[in-house]
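> the sequence and its predicted three-dimensional model are supplied below.
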Amino acid sequence: MPSRALLIQDDWLLDDYDAKQSTRSQHTRDAYSSDLKQFAEFMARSKISKPQKIDRTILRRYVAWLSTQKYQPSSIARKIASVRGYLTFLAKRNIVTPAIAHALTAPKIPKKLPRVPASREISRIITTSGETEPLHMAILEILYGAGLRVSELCGLEVADVYIRNATIVVLGKGSKYRTVPLGEPALDALAAYMKERESYLTPGSPRTKVFIKKTGKALTPRDVRRILDRYPLADGTTLHPHQLRHAYATHLLVGGADVRSVQELLGHTSVTTTERYTHITQDHLRSVYEETHPRA
């Protein structure tokens with residue numbers, strides 16, 4: 001595209017920056033690439049021919065322009081973070097000043113979590129899925145029973161499942177591994193699915209992957225979302241895979257797990273990320289107090 005050609009021509013080091021992201025997941029790299037392409041197009045329209053010409057004014061205009069595109073605050077924040085990371089990369093090579101790299105600020109995102117389904121609601125849809133498809137039941141049991149991200153579920157390798165130890169080894173964000181325990185329901189569902197999985201295999205099947213479709217192809221995050229759409233809650237609400245991860249964390253905390261342990265189980269780098277869930281458990285404690293204490 002003209003904008004990308006312009007950037008490459010003036011040595012904006014986009015390819016070098018992309019190479020530096022090699023340890024990140026392909027999903028993250030694609031998101032960064034898309035964000036920087038958009039940034040490149042804006043710079044081209046603004047007649048910015050080289051990074052040395054970037055100033056605070058043009059960055060403020062870029063943020064203002066993003067706000068006119070009807071993006072959610074979380075999407076704007078991610079796009080700004082992508083560009084900030086890229087500018088920091090350029091600053092380390094003395095192409096722009098560190099001040100420019102730090103000039104971008106994202107809008108504050110409300111600390112809001114999606115609706116967390118109750119354990120009885122999740123149990124109902126898991127039971128329903130087990131009556132029809134072992135694959136679906138295994139997916140639901142592991143998303144909820146192990147708190148995996150959907151990308152981690154789809155990337156799970158057969159060699160990373162340790163039935164005897166009731167654990168799985170998960171490759172998470174930042175190419176970091178963590179070991180997660182599996183409960184008996186998840187182990188049973190996984191065993192039932194693995195038995196049926198043999199009939200899915202074709203000569204071209206990704207045999208190292210745990211989750212494959214009946215067509216013999218690898219399961220994708222989009223496939224998982226479609227599967228969850230088939231099992232709505234009683235009120236008709238359909239769950240996103242990440243809501244099962246939220247439920248996993250919330251129900252652990254409500255049950256008495258400490259925040260640090262939940263942090264490790266979720267694979268969060270910072271405990272602050274995990275602490276987002278504590279406001280839900282505080283609401284739970286408040287409701288218990290109001291329902292049971294005589295002086296509430």
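Yes, it's here.

> I'd like to know how far E41 sits from R225.
Counting by CB to CB, to the nearest Å, the separation of E41 from R225 is 29 Å. Bear in mind the C-beta positions are built from the backbone N, C-alpha and C, glycine included.

> whoops, I mixed them up, D235
Distance, D235 to R225, by CB to CB: 19 Å.

> so if I had to pick from these two, which one is more boxed in?
The neighbour count for D235 versus R225, taken as other CB atoms under 10 Å, is higher for R225 (15 against 7).

> what strand or helix carries the more buried one?
Under the criterion of DSSP states H and E, R225 resides in helix 221-229.

> next: I168.
Counting by DSSP H and E, I168 is found in strand 167-171.

> ok so V180 is a strand residue?
Yes: under DSSP: H, G, I helix; E, B strand; the rest coil, V180 sits within a strand.

> that one: neighbouring residues, count only.
Counted by other CB under 10 Å, the residues lying close to V180 total 22.

> OK, contacts around the closest residue to it other than its chain neighbours?
The shortest distance from V180 to any non-neighbouring residue, by CB to CB, 6 or more residues apart in numbering, is to A146 (4.7 Å). For A146, the contact set (CB atoms under 8 Å, 6 or more residues apart in numbering) comprises I168, V170, V180, P181, L182, A186, Y248.

> rewinding a little: buried residues in the helix holding R225, which are they?
Neighbour counts over helix 221-229 (16 or more other CB atoms under 10 Å) mark D223, V224, I227, L228 as buried.

> average pLDDT across stretch 48-63?
Taken as a whole, stretch 48-63 has a mean pLDDT of 91.

> no wait, stretch 83-99
Mean predicted lDDT for stretch 83-99 stands at 92.

> now that stretch, how far from the centre of its chain.
26 Å (CA atoms, centre = their mean, to the nearest Å).

> end to end, how far does it reach?
One end of stretch 83-99 to the other measures 14 Å (CA to CA, to the nearest Å).

> buried residues in it?
Residues of stretch 83-99 classed as buried by neighbour count (16+ other CB under 10 Å): V83, R84, G85, Y86, L87, T88, F89, L90, A91, I95, V96.

> helices - which of those land there?
V83, R84, G85, Y86, L87, T88, F89, L90, A91 (DSSP state H).

> now these as JSON lines including distance to Q21?
Conversion of those to JSON lines gives the following (distance: CB to CB, whole Å):
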{"residue": "V83", "distance to Q21": "14"}
{"residue": "R84", "distance to Q21": "14"}
{"residue": "G85", "distance to Q21": "9"}
{"residue": "Y86", "distance to Q21": "10"}
{"residue": "L87", "distance to Q21": "15"}
{"residue": "T88", "distance to Q21": "13"}
{"residue": "F89", "distance to Q21": "10"}
{"residue": "L90", "distance to Q21": "14"}
{"residue": "A91", "distance to Q21": "17"}
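
> nearest to P134 among the buried residues of helix 221-229?
Using CB to CB, I227 comes nearest to P134 of the buried residues of helix 221-229, at 12.1 Å.

> got the contact list for that closest one?
Residues near I227 by CB under 8 Å, 6+ apart: L135, H136, I139.

> how about these in JSON lines, adding neighbour count?
Formatted as JSON lines, these follow (neighbours: other CB atoms under 10 Å):
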{"residue": "L135", "neighbour count": "22"}
{"residue": "H136", "neighbour count": "22"}
{"residue": "I139", "neighbour count": "28"}
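
> can I get those residues in TSV with pLDDT, distance to S74 and secondary structure?
Formatted as TSV, the contacts of I227 follow (pLDDT from 0 to 100; distance: CB to CB, whole Å; DSSP: H, G, I helix; E, B strand; the rest coil):
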residue	pLDDT	distance to S74	secondary structure
L135	96	31	helix
H136	96	29	helix
I139	97	25	helix
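
> nearest to A19, of the residues you listed?
The closest of those, once distances to A19 are taken by CB to CB, is I139, at 34.2 Å.
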